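[1] Here's my sequence, what's the structure:
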Amino acid sequence: MIAEDEDVSLFDAEEDAGKRSKKNIKHPVASFFHLFFRGVAVMVYLLCGIFSNSFIACMVTIILLLSCDFWAVKNITGRLMVGLRWWNQVDDDGNSHWVFEARKGNVKQNASDSEARIFWLGLIVFPVLWVIFAFSTLFSFKIKWVPVVIMGVVLQGANLYGYVRCKVGGKTSLKNMATNYFGRQFLKQAMSKEEES
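    Reported below is the predicted structural model:
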């Protein structure tokens, strides 16, 4: 049994950074499955009318693929590919706490640049696709598909939100981060206009 105050690393699969180049993909299976479930879910959504007339079979297949993707990204690929992990924890009083964790030490040493690009590209592109699908189902009045696309938006968006919070820090508010970013951009523009005068 582990004592509560003992520091335990959740990243057991640490690798020696000096042995491999940053350009190589260190975890090819994780990289494959990071894109596989979400890519297949999108393809099934787009092509299910061609291959099957059963809405229920298509819906169940898409939701299973999205669920597998959510679990794989949240528990495996984020930890291996970019050294980030998030979860919800309920304390003894019944209060829910969100935990956002980044690998201790230099994450750049443990992660490949190629894997990081694959991870973030997949994490951002697919939720955007599901949002587009949500609007297209609403505007085309395909009401039966609304729950499916909402599941896509929610599951993909939850992982995106969790990993963005891990990346910027669990304590940092995304609203504060956005405000600071736009404030800096405004200040840069004001300074450049001042220098032109």
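
[2] which residues of the chain fall in helices?
    Taking DSSP state H, the helices of the chain run over residues 28-51, 55-72, 78-81, 107-110, 113-139, 146-168, 174-196.

[3] Deepest in the core, which of the ones you listed is it.
    helix 78-81 (a mean of 23; mean count of other C-beta atoms under 10 Å). From N, CA and C alone the C-beta is placed, and that goes for glycine too.

[4] pull the CA atoms of that one into CSV?
    The C-alpha coordinates for helix 78-81 follow below in CSV (Å, rounded to 0.1, in the frame of the first residue of the first chain):
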residue,chain,number,x,y,z
GLY,A,78,-1.5,11.8,-23.9
ARG,A,79,0.8,10.3,-21.3
LEU,A,80,3.1,8.7,-23.8
MET,A,81,3.1,11.2,-26.6
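
[5] still on that earlier bit, the helices of the chain into JSON lines, with extra columns for mean pLDDT and distance to N88?
    Formatted as JSON lines, the entries for these read as follows, by pLDDT from 0 to 100; distance: least, C-beta to C-beta, whole Å:
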{"stretch": "helix 28-51", "mean pLDDT": "92", "distance to N88": "21"}
{"stretch": "helix 55-72", "mean pLDDT": "95", "distance to N88": "13"}
{"stretch": "helix 78-81", "mean pLDDT": "90", "distance to N88": "15"}
{"stretch": "helix 107-110", "mean pLDDT": "52", "distance to N88": "23"}
{"stretch": "helix 113-139", "mean pLDDT": "93", "distance to N88": "19"}
{"stretch": "helix 146-168", "mean pLDDT": "92", "distance to N88": "9"}
{"stretch": "helix 174-196", "mean pLDDT": "65", "distance to N88": "17"}
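
[6] got these as TSV, with distance to Q89 columns?
    Output for these, formatted as TSV (distance: least, C-beta to C-beta, whole Å):
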stretch	distance to Q89
helix 28-51	24
helix 55-72	17
helix 78-81	16
helix 107-110	22
helix 113-139	22
helix 146-168	13
helix 174-196	20
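
[7] Looking at those helices, spot the one closest to S96.
    helix 146-168 (14.1 Å; C-beta to C-beta).

[8] Which strands or helices does that closest one pack on?
    Secondary-structure packing of helix 146-168 (3 or more C-beta pairs under 8 Å, 6 or more residues apart in numbering; DSSP states H and E): helix 28-51, helix 55-72, helix 78-81, strand 84-90, strand 96-102, helix 113-139, helix 174-196.
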